[in-house]
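Novice: Pasting the sequence and the predicted coordinates here, then a few questions.
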Amino acid sequence: MARRSTPEEFLPLSASDFQLLLVLLEGDRHAYGIAQGAEEQERGRVPLEIGSLYRMLDRLERLGLIAVDPVVRPSPSGPPRKIYGLTDLGRQVAVAETARLRDVLEVADARLALGGG
């Protein structure tokens, strides 16, 4: 996989990748906490599937957008938990995607206004 050097090279993000980065902007979390944050963020409209969550986390980690805390935390109800957080690059990509989406919405609003929508 070729290394990307600027945040814009990651764009556009998929809706689920963007959702995950937005949740991690609030702070580091374990996978279940990420799923809960995504559900709260989307108000149940777009559920984040737990099975795909771990694949997403692995992929975003390989891309350098998130990192796993090297200290694994014990869990009171199961196996130890990995804690995930944004890297500086991940934060920059989230900001760049937000700006991109604002631009898209600005164009859409202008076109809707011209079309009487």
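Specialist: Everything's here; your move. In this text, all values refer to a predicted model and were calculated from it rather than measured experimentally.
Novice: Give the rounded mean pLDDT of the longest helix anywhere in the chain.
Specialist: When every helix of the chain is counted residue by residue (DSSP state H), the longest turns out to be helix 88-114. Per-region confidence: helix 88-114 scores 95 on mean pLDDT.
Novice: Can you name the next helix or strand after the helix or strand bottoming out on mean pLDDT in the chain?
Specialist: Scoring the helices and strands of the chain by mean pLDDT, DSSP states H and E places strand 73-75 at the bottom, with a mean of 81. Helices and strands here follow DSSP states H and E; after strand 73-75, the next one along the chain is strand 78-81.
Novice: what helices or strands is that next one leaning on?
Specialist: Based on contacts counted as 3 or more Cβ pairs under 8 Å, 6 or more residues apart in numbering; DSSP states H and E, the elements that strand 78-81 packs against are strand 73-75. Where you see a C-beta, it was placed from the backbone N, CA and C, and this is true even at glycine.
Novice: which residues are contacting the strand it packs on?
Specialist: Residues outside strand 73-75 that contact it (Cβ atoms under 8 Å, 6 or more residues apart in numbering) are 30, 80-83.
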